[in-house]
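Novice: task: produce atomic coordinates for the following.
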Amino acid sequence: MVRICPKPSTWNDAYQRLVEFSQAHPCNPASPPKPLILGGWTYSTDLAKMKRWHAIIEWATLNGCYYIVELTDEEFYYTTNPTTYDSSYRKTDDTPKTRPMIEETKKYLELLASNWSQIVGPELSKATQPLVFTGAKLRRLVVAADEKVSPPWGSWSILSSNESSRRTFTRFRSAINDKISPHHVDHIDFKTVFPLQEDKHTDNLSKPDIDCIDAEPTTT
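Specialist: Next up is the predicted model:
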């Protein structure tokens, strides 16, 4: 078995502690490298995950906080056949991305809301609903999610370490992007709520205040 990197939840916890350290001490670079979790985990190879974890270890060592990244063996993700490339990963598009007009994104959101069950399936549509596009280029979709429901890919904030389970998130996002093409979302953030509102008219939903994990695409 090859040790690749920490499991997603552990990696996120370590990253948050490193960020806290960087905010309290002068560091170079000023911030630690971001973890490849959630969307970043899905679209990155095992080799990319390993390299990113090594970069974090180097940053922590140089800035005197290596103790934060000292983890137990049980906290790591292992595999017998590390991936270095997967043809199912999204191809890189080097075309400069422009921010769509607000009216365009409203139409995209209405399109998602009115076809949500057909897009994500009946079970996930009962537990989720699209809320708003955010980000500099509106390529981040915020989705309300019932906190009492567990998605097939693990949880609303962390992807499972199981490859087949993670692929369900890939399909979830691909289905969304297929529907709103030519627009494209690089990130999906879940705002957990309970109970999920029965009224799924997005015009009645205010822009959420969320605390979510930033997923680096490998994924973008």
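Novice: verify the contact between residue 183 and residue 106 for me.
Specialist: No. If you go by C-beta atoms under 8 Å, residue 183 and residue 106 don't touch, sitting 11.6 Å apart. Bear in mind the C-beta positions are built from the backbone N, C-alpha and C, glycine included.
Novice: so those two - more neighbours on which side?
Specialist: Ranked by neighbour count (other C-beta atoms under 10 Å), residue 183 and residue 106 place residue 183 first, with 20 against 15.
Novice: enumerate every residue touching that one.
Specialist: Applying C-beta atoms under 8 Å, 6 or more residues apart in numbering, we find residue 183 in contact with 100, 104, 105, 108, 138, 139, 177.
Novice: swap in 10 Å and give it another go.
Specialist: 97, 100, 104-105, 107-108, 111, 133, 137-139, 141, 176-177 (C-beta atoms under 10 Å, 6 or more residues apart in numbering).
Novice: of all the residues you listed, which two lie farthest apart?
Specialist: Farthest pair in the contacts of residue 183 (C-beta to C-beta) is 97 and 111. Separation: 19.5 Å.
Novice: related to what we said a few turns ago, show me the common contact partners of residue 183 and residue 106, please.
Specialist: The contact lists of residue 183 and residue 106 share 100, 133, where a contact means C-beta under 10 Å, 6+ apart.
Novice: leaving out sequence neighbours, find the closest residue to residue 192.
Specialist: residue 147 (4.0 Å; C-beta to C-beta, 6 or more residues apart in numbering).
Novice: residue 166 versus the one you found, what's the distance?
Specialist: Per C-beta to C-beta, to the nearest Å, residue 147 is found 21 Å from residue 166.
Novice: and these two? Which one has more around it.
Specialist: Between residue 147 and residue 166, residue 166 has the larger neighbour count (other C-beta under 10 Å), namely 19 against 16.
Novice: list the contacts for that one?
Specialist: Taking C-beta under 10 Å, 6+ apart as the test, what residue 166 contacts is 8, 38, 41, 42, 43, 152, 153, 154, 159, 160.
Novice: quick check: it vs residue 15, distance?
Specialist: Counting by C-beta to C-beta, the gap from residue 166 to residue 15 is 19 Å.
Novice: quick one: the helices in this protein?
Specialist: Taking DSSP state H as the criterion, the chain carries its helices at 8-24, 39-42, 46-62, 102-114, 116-120, 122-127, 163-180.
Novice: list the helices and strands the second one packs on?
Specialist: So that's helix 39-42. On a contact count with 3 or more C-beta pairs under 10 Å, 6 or more residues apart in numbering; DSSP states H and E, helix 39-42 meets helix 8-24, helix 46-62, helix 163-180, strand 187-193.
Novice: domain parsing for this structure?
Specialist: With domains defined by automatic domain parsing, the chain comprises 2-79, 102-204.
Novice: can you put the ones you listed in CSV and add mean pLDDT?
Specialist: Formatted as CSV, those follow (pLDDT from 0 to 100):
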stretch, mean pLDDT
domain 2-79, 93
domain 102-204, 84
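Novice: what's the burial count for residue 84?
Specialist: Using other C-beta under 10 Å, residue 84 is surrounded by 9 other residues.
Novice: what's the pLDDT at it?
Specialist: Residue 84 is assigned a pLDDT of 78 by the prediction.
Novice: my guess is it contacts residue 4, does it?
Specialist: No. Here residue 84 lies out of contact with residue 4, judged by C-beta atoms under 10 Å, at a distance of 11.6 Å.
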